[in-house]
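Engineer: This is a predicted model, with the sequence first.
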Amino acid sequence: MRKYLEIFLGILTAMGGFVEVGELVFSVNAGAKFGYSLLWIMGLGTIGIIVYGEMAGRVAAVTKQPVFHIIRERTGFVVGLGTLIAANLVSLLTCAAEIGGVALVLKLLLNLPYRALILLGFLLLLLTTWCLPLNWIERVFGLFGLLMIVFIASAIYLHPDWRQVTINFIPNLPQLESRQDYFVYAYFGVALFSSIMLPYETYFYASGAIEDHWEPADINLNRVIVIVGFTLGSALAVGLLLIGAQYLLPARIEPELPGAAVLGPIVTFGKAGLFVALLGMFFAFGGAAIENALTGAYNLAQFLGWPWQKYRKPVGAPRFTLAWVAMFVLALLIIITGVDPVQVVEYSIVFSVVILPLTYLPLLMTASNENLMGPFVNGWFAKTLGWFYLILISIAALCAVPLLIITHGGNG
Amino acid sequence: MQWIIALLVVGGALWWIVADTNNPDDPGRLKIEVASLRSSAAEALKLIEQIEAGRLTNHFFQVETSLLHEKAGSVLKKIRSTPPQPGLEEKYRQASDLADQAEAALNRLSAAADSKEIRQGTSAKLQEVLRLAAGLEKSLQQ
């Protein structure tokens, strides 16, 4: 019974933790700009994160090695250090944007000055991370993040054309007006793909597996959680895209604020929809801020060989604790300057594509190494999918920054 | 030392990219600013529609419209602080006027969220901004 409860909670937390402020803005905007036509990227990205999430969990269960330990072992100190700096920079920017997102949601709920709400959000998140054990952080933020399901309900209520929705899960290129529009389409494709395959998700997932003392016997549990949890999480992102396509596109709204996404639940469920959506966003963004702060500390501690588990008391792993507190404080310093959190997360998502190959290649190599993995080594199917996605990720990594420049940050 | 130089170069490049993508000094970028005004006006109109239907709290309406007002204000500032490219002076003037009108309308809306008369009066103004912005956006695309 306990096992089933664990699976259920694992699935719900994977689902609830899937959407953060960047995913929200990119998904709604993708629908508002291109209708259903980018749905296939969501399908593609979801399979990709399942492939690499499963690999990260399996490697952690079998070798007890977290991702950054593997990166350092496989790529050497210099390349590993470069990846660490880039990964932590992306996590820091994402954490800053999520704190800003939390403050924006609090502003929509409480209407206090934005900077005061940034401080309030920062303190809430810091105290929660300090006081709660990891599994409770995952459960509280993952489960309450499930309130975001209101976006799926709203998308269904808006009566999308299901035939078109299904067709657009097949790779396609829509008819657009100009060459620049095709570049913007490509930019959104890369950004959506990246927002689903954000590297911190695998770092955090593998670290959590080690914290929970997973064994090889837990590999099937890992598969179920990853496949079902990430698929349902992706359904949330699909719901957001459908709201963009069904409601915002005809109204000529291209949302630049998270509040615009709430229009979907407002139209369908009125004030109740508004509150449920805002609460869901608060927990989804807050959870992502905590995950990114902890991920930065996990990465650093694993790379340098410090004691790092969150289940230890702060004095039991002082450098690890100091690292995640520092991540929060630096993120606060960035966002309190008044930079737009949505813009910060957009840049961090696009730049994170560049480090994806450096994260996923060592993971693929380790999961395919029979000496390390024994009977749990990658089979032909996992290996083929792993290489296929690595090629896709590398192409996306090469295109990301040029597309960012050509499309003026995806604006046109 | 090499690491510091590499970090400075990467940091400088990122700074340039971010600054460059935000600078409205060509027709493509001016179009982005006008599109932002069009989108803000369209969102404000939807918010008015929803509050009139009783589906929205005054509080949410006031905060969201004040955020839209801030956005329109930053677009206005960007357009006014950028010297127009030769041949595009008229488009810049139109965009600046539109930003001015959108900023004023959204300011009025956020300051009087609970007044039905002001909401209805502003709605007409925002529809006008939406129409003009869509036209200007199209002409900048050509």
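Structural biologist: Everything's here; your move. Not measured: the values here are computed from a predicted model. Residues are numbered from 1 along each chain as shown, chains lettered A, B, ... in the order given.
Engineer: By proximity to chain B, which residue of the stretch 201-350 of chain A wins?
Structural biologist: Proximity of the stretch 201-350 of chain A to chain B (C-beta to the nearest C-beta) peaks at A:G270, 4.0 Å away. All C-beta atoms are positioned from the backbone trio N, CA, C, and that covers glycine.
Engineer: Helix or strand: which one has A:N172?
Structural biologist: Using DSSP states H and E, A:N172 falls within no helix or strand.
Engineer: Repeat that for A:N378.
Structural biologist: Using DSSP H and E, no helix or strand contains A:N378.
Engineer: And it, what's its pLDDT?
Structural biologist: A:N378 carries a pLDDT value of 95.
Engineer: what residue ranges in the chain score low on pLDDT?
Structural biologist: Defaulting to chain A. Across chain A, the ranges flagged by pLDDT under 70 are A:1-6, A:8-10, A:12-17, A:310-312, A:314.
Engineer: wrong one, chain B
Structural biologist: For chain B (pLDDT under 70), the answer is B:1-27, B:142.
Engineer: quick one, helices of it?
Structural biologist: B:2-21, B:27-52, B:58-80, B:89-111, B:116-141 (DSSP state H).
Engineer: what's next to the fourth one, contact-wise?
Structural biologist: The set of residues external to helix B:89-111 that reach it, using C-beta atoms under 8 Å, 6 or more residues apart in numbering or on different chains, is B:27, B:30, B:33-34, B:37, B:40-41, B:44, B:48, B:62, B:65-66, B:68-69, B:72-73, B:75-76, B:79-80, B:82, B:84, B:118-119, B:122, B:125-126, B:128-129, B:132-133, B:136, B:139-140.
Engineer: I'd guessed A:G410 sits against A:A191; true?
Structural biologist: Yes. At 6.6 Å, A:G410 counts as touching A:A191 under the criterion of C-beta atoms under 8 Å.
Engineer: more crowded one of those two?
Structural biologist: Higher neighbour count among A:G410 and A:A191: A:A191, with 30 against 24, using other C-beta atoms under 10 Å in any protein chain shown.
Engineer: among the helices of chain B, which is the most enclosed?
Structural biologist: helix B:27-52 (a mean of 23; mean count of other C-beta atoms under 10 Å in any protein chain shown).
Engineer: and that helix, is it in reach of chain A?
Structural biologist: Yes. With C-beta under 8 Å from any C-beta of the partner chain as the criterion, chain A is reached by helix B:27-52 at B:28-29, B:31-32, B:35-36, B:38-40, B:42-43, B:45-47, B:50.
Engineer: Against which helices or strands is that helix packed?
Structural biologist: helix A:249-251, helix A:263-304, helix B:58-80, helix B:89-111, helix B:116-141 (3 or more C-beta pairs under 8 Å, 6 or more residues apart in numbering or on different chains; DSSP states H and E).
Engineer: And the ones you listed: which comes nearest A:F122?
Structural biologist: helix A:263-304 (8.8 Å; C-beta to C-beta).
Engineer: Report the angle between the very next helix or strand once past that closest one and helix A:263-304.
Structural biologist: The helix or strand immediately downstream of helix A:263-304 is helix A:318-335, counting by DSSP H and E. Helix A:318-335 runs at 140 degrees relative to helix A:263-304, counting by axes from the mean of the first three to the mean of the last three C-alpha atoms, to 10 degrees.
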